[in-house]
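Chemist: show me how the following folds:
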Amino acid sequence: MILVRGSGGGTDLTGTVFERGEEPPAYKGAPNEDAPYVWVCDSFYEVESGGSPLVVDGEEIRVAFEEPMPRGFDTREQAVAAAREHVRTQFARIGVDPADVEVEVSAADPA
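Modeler: Numbering: from 1, shown residues only. Okay, here's the model as predicted:
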């Protein structure tokens, strides 16, 4: 399991790349179970009202979450590259410059 964590605007977002032999969560429309690498992470966007509060750069905004959309990949490199892009895109959707987002990739602690 590979964790991909983005930090920016005073908040964080973490998603997971499930590797060959690990069982990713099952979602409607999930990729083929035979994909060696599966990326799963929340998607969200800013809304005027409703949603959930989130503090970004010291200011509270409201965000709504979309159902996670797992994506399957043939290689670890493809999965991690897509994960990095996804994380930066989510921050851009709430007004954080993607260039200002720090992305960390690490193996999950098997605790």
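Chemist: can you give me the helices for the chain?
Modeler: Under the criterion DSSP state H, helices of the chain are mapped to 76-93.
Chemist: poorly predicted segments of this structure, please.
Modeler: Applying pLDDT under 70 to the chain flags the ranges 26-33, 109-111.
Chemist: residue most distant from the centroid, it?
Modeler: Within the chain, Ser49 marks the point farthest from the mean C-alpha position, 23.1 Å out by CA atoms, centre = their mean.
Chemist: chain neighbours aside, what residue packs nearest to it?
Modeler: The shortest distance from Ser49 to any non-neighbouring residue, by CB to CB, 6 or more residues apart in numbering, is to Arg62 (6.6 Å). Yep, even glycine has a C-beta here, placed from its N, CA and C like the rest.
Chemist: the one you found and Val47 touch, don't they?
Modeler: Yes. Here Arg62 lies in contact with Val47, judged by CB atoms under 8 Å, at a distance of 5.0 Å.
Chemist: so what pairs up with the nearest residue to Glu104 once chain neighbours are set aside in the strands?
Modeler: Using CB to CB, 6+ apart and skipping the chain neighbours, the partner closest in space to Glu104 is Arg5 (4.8 Å). Beta-bridge partners for Arg5, by DSSP bridges, are Thr14, Glu104.
Chemist: equivalent analysis for Arg62, please.
Modeler: Beta bridges link Arg62 to Val47, Pro53, judged by DSSP bridges.
Chemist: then the one 10 residues further on?
Modeler: When bridges are called by DSSP bridges, Gly72 pairs up with Val38.
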